[in-house]
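Participant: fold the following.
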Amino acid sequence: DELRDLCLVCGSSSLNKEDTLYCRDCGECFHIYCVVDTHVRKIPKETRHTWRCTSCCVCQVCHSRGDVGTIMRCVECDRAVHTDCLKPAMKEKPK
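Facilitator: Coordinates of the predicted model:
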């Protein structure tokens, strides 16, 4: 029998390794479709090894995790920044 990692969000495994993301910091396993709106954003295979889960996401400006509620991720590169770290600061995250 083959051991399979379970998605931290839905708790199930996947037969297709292409559907799986691993956080580069904590190592937790996620289905790509459980954590990323795949209709809006694609994470290229070449950059999946640098992906961070929401808990491990680090602001590119202040280099802290801080308040997860104010951190935004880029649709293109998956980097993150706190809304108040931007110059000028944003009052709230865009919808």
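Participant: report pLDDT for residue 36.
Facilitator: Looking at residue 36, its pLDDT stands at 72.
Participant: all helices of the chain, in order?
Facilitator: Secondary structure of the chain by DSSP state H: the helices cover 32-35.
Participant: please name the nearest non-neighbouring residue to the spatially most central residue of it.
Facilitator: What sits nearest the mean C-alpha location of the chain, by CA atoms, centre = their mean, is residue 53, with 4.0 Å. Computed as CB to CB, 6 or more residues apart in numbering, the closest residue to residue 53 that is not its neighbour in sequence is residue 23, at 4.0 Å. For glycine as for every other residue, the C-beta is placed from the backbone atoms N, C-alpha and C.
Participant: what's the local residue count around the one you found?
Facilitator: Neighbour count for residue 23, taken as other CB atoms under 10 Å: 18.
Participant: residues in contact with it?
Facilitator: Residue 23 makes contacts with 30, 51-53, 55-56, as judged by CB atoms under 8 Å, 6 or more residues apart in numbering.
Participant: residue 18 and residue 60, how far apart?
Facilitator: The gap separating residue 18 from residue 60 is 27 Å, by CB to CB, to the nearest Å.
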